[in-house]
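K.L.:
Quick one: sequence and predicted model below, then my questions.
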Amino acid sequence: KRVREKKETMEVESAKEGTQEAVSVHPLSIVHMSDQYTRISSGGSPLDKNAPVVGLLFGQKEGQVLQIRDADDIPVEVSDASSLQVDLHKAVFPQHKVVGWYRVSVQNEEPTAEDLKITQQMKAHHAPSESFCFCLLQVNTKEREDAMKTDDSPSSETDTLGKDL
C-alpha cells in the first residue's frame, strides 16, 4: 500500500488497481510493542522515559495477506547496528522478513508526514519490491481509560484492542 499526502490528510491506496490486500497481526507482535512501551515509560530501559517507542515488524506475505508474526525494538534508522539486529532476528527466524515498522503513541493521533517518510525509507532499505506497512499502536493511559468509561464503553478487552488498532 502507498500513502499519499493530500492537503492536510493522508490517503491510502492500493499499489495495484483492483487488488485487495489484508494484514494479519499475531498477538505476540502486540505484546512485544506493549512490553517495549512499558519498559521505556516505567524507567526499566536505558532509554529516556520520553524516548520514542519504535521498532520493526517481521513476518511474510502469504497470498494477498501480509502476516505480521513478530515485532522487535530495532531502531528504524538505517545503520550497521540495526542491520546487525535484523540479521540476528533472521538467524533465529529464517522465514521472517522485515514487513514494516511501528510506533507506539499515548495520544489519539493519525499517522504523520514523518511516519510516511520513515515508511518510505524503511521500505527502500528492507523490502523494495515487497509489501510494507506502518503500525501506529495507541496505548490506553489512565486518562483515556477514564474517558472510555461511558455508556458506549467496550464490553470486553477484545473490543478495547479493536478500537485502538
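P.N.:
Nice, I can see it. Residues are numbered from 1 along each chain as shown.

K.L.:
For the host helix or strand of residue 24, enumerate its sheet partners and note whether each is parallel or antiparallel.
P.N.:
Per DSSP states H and E: residue 24 is located in strand 22-25. With DSSP bridges as the test, strand 22-25 is paired with strand 65-72 (parallel).

K.L.:
Going along the chain, name the helices of the chain.
P.N.:
Using DSSP state H, the helices found in the chain span residues 27-41, 80-92, 113-126, 142-148, 157-164.

K.L.:
Need those in a markdown table (columns: mean neighbour count and distance to residue 98).
P.N.:
C-beta coordinates here come from the backbone N, C-alpha and C atoms, glycine included. Shown next, in a markdown table, are these (neighbours: other Cβ atoms under 10 Å; distance: least, Cβ to Cβ, whole Å):
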| stretch | mean neighbour count | distance to residue 98 |
| --- | --- | --- |
| helix 27-41 | 17 | 13 |
| helix 80-92 | 13 | 6 |
| helix 113-126 | 16 | 4 |
| helix 142-148 | 11 | 30 |
| helix 157-164 | 12 | 24 |
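
K.L.:
Tabulate these (CSV), appending mean pLDDT.
P.N.:
Formatted as CSV, the helices of the chain follow (pLDDT from 0 to 100):
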stretch, mean pLDDT
helix 27-41, 93
helix 80-92, 94
helix 113-126, 92
helix 142-148, 56
helix 157-164, 43
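
K.L.:
do you know which of those lies nearest residue 102?
P.N.:
helix 27-41 (5.6 Å; Cβ to Cβ).
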